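Undergrad: model this:
(chains A, B, C and D)
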Number of protein chains: 2
Amino acid sequence: MHYQIKLVSSKMPNTFTRTTKQRNSVVEILKKHEGFLSAQEIHSILKNTGSTIGLSTVYRTVTTLTSSNEVDVMLREDGEALYRLCSSAHHHHLVCRICGTTKEIQADFVEAWADDISNAHGFSDINHTVEIVGTCKECAKH
Amino acid sequence: MHYQIKLVSSKMPNTFTRTTKQRNSVVEILKKHEGFLSAQEIHSILKNTGSTIGLSTVYRTVTTLTSSNEVDVMLREDGEALYRLCSSAHHHHLVCRICGTTKEIQADFVEAWADDISNAHGFSDINHTVEIVGTCKECAKH
DNA sequence: TCTCTTATTGACAATGATTTTCATTAGCAA
DNA sequence: TTGCTAATGAAAATCATTGTCAATAAGAGA
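TA: Residues are numbered from 1 along each chain as shown, chains lettered A, B, ... in the order given. Predicted coordinates for the structure are as follows:
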């Protein structure tokens, strides 16, 4: 018995043809923050700065930016999606489970290994995720 | 600015002191299935076999089994949690995004690398996740 | 600059997984 | 068997995310 991953049937847009201030403001927030932000957080930050942006618009924006590979998505342990502007190189994350600080880690051999193992099993169109969650030095003190 | 990972404040139990047939039936289902199952799936399978188990009980059971390290959790791309009985050795997954087939992959050096990199950054109490999602040979044909 | 077309927006409802509540049931120690 | 209380199940509550749809605004062409 297999489950079926929910794939399509989304009415979320995957491209934009016009530029709007709402979209720009979301990108601005993402630029200002180093770590990951949830759509809810982006929305409330914008609301707190006086914006009247709607929650749906934030979701539409991050979804679109994700499908055009302009932002990274990461799933938190509770399933909430977190977004961040892509940096140029593919990398992985070391995340503190208490304060949420993230550090980027590079590991070229992981990339090569993921490709090899996938090919060996006949898989194509690969995506891989490596997340290391722990308690950072600061938070371990408390 | 950091986000705060939602952690405690859950009223889900983390241990059980009595054994019940409901709990056993959930474990039975997990034993019968090789791949991952969501709590919803476990519940509907049980219902279809005549059980009167409640959805809450399924959730309580998998949550508890997870915190006692008896089951693995994996987050699907849409955020839904999938559960499976732990096999003895720590391992990772190669998942088909279409049909959901999963293959276990062993990679001892990944374990060592995760430990090293965490120590180097002062992180403790580490957990790591490696997921490779792709399209399997069968599904690529269609 | 001014229309006009229609992509985008935002308020609100709907969805769906997960958690909580709480009265009832059932393990299990004595 | 009895009594205590952990565990259950039905239903309501939560909460992130998506859908709906009337109103707004981007931007191409006049």
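Undergrad: which one is A:Asp125 nearest to, not counting chain neighbours?
TA: Nearest residue to A:Asp125 in three dimensions, chain neighbours excluded: B:Thr135, at 4.8 Å (CB to CB, 6 or more residues apart in numbering or on different chains). From N, CA and C alone the C-beta is placed, and that goes for glycine too.
Undergrad: three-state assignment of the spatially most central residue of chain A?
TA: What sits nearest the mean C-alpha location of chain A, by CA atoms, centre = their mean, is A:Val73, with 1.8 Å. The assignment at A:Val73 comes out as strand when based on DSSP: H, G, I helix; E, B strand; the rest coil.
Undergrad: the biggest strand by length in chain A to strand A:71-75, inter-axis angle?
TA: Assignment by DSSP state E gives strand A:124-135 as the longest strand of chain A. Put simply, strand A:124-135 runs at 60 degrees to strand A:71-75, going by axes from the mean of the first three to the mean of the last three CA atoms, to 10 degrees.
Undergrad: in chain A, what spans have low per-residue confidence?
TA: A:1-10, A:12, A:87-90, A:97-98, A:100 (pLDDT under 70).
Undergrad: how about the strands of it, start to end?
TA: A:37-38, A:71-75, A:81-85, A:92-96, A:102-105, A:124-135.
Undergrad: would you list the ones you listed in JSON lines and tack on distance to DNA strand D?
TA: What follows is the strands of chain A, written out as JSON lines (distance: least, CB to the nearest atom of the strand, whole Å):
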{"stretch": "strand A:37-38", "distance to DNA strand D": "5"}
{"stretch": "strand A:71-75", "distance to DNA strand D": "8"}
{"stretch": "strand A:81-85", "distance to DNA strand D": "3"}
{"stretch": "strand A:92-96", "distance to DNA strand D": "16"}
{"stretch": "strand A:102-105", "distance to DNA strand D": "17"}
{"stretch": "strand A:124-135", "distance to DNA strand D": "16"}
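Undergrad: A:His121: neighbour count?
TA: 16 (other CB atoms under 10 Å in any protein chain shown).
Undergrad: an error on my part: the question was meant for A:Gly54.
TA: When neighbours are counted by other CB under 10 Å, A:Gly54 comes out with 13.
Undergrad: cool, and A:Arg76?
TA: Neighbour tally, A:Arg76, other CB under 10 Å: 20.
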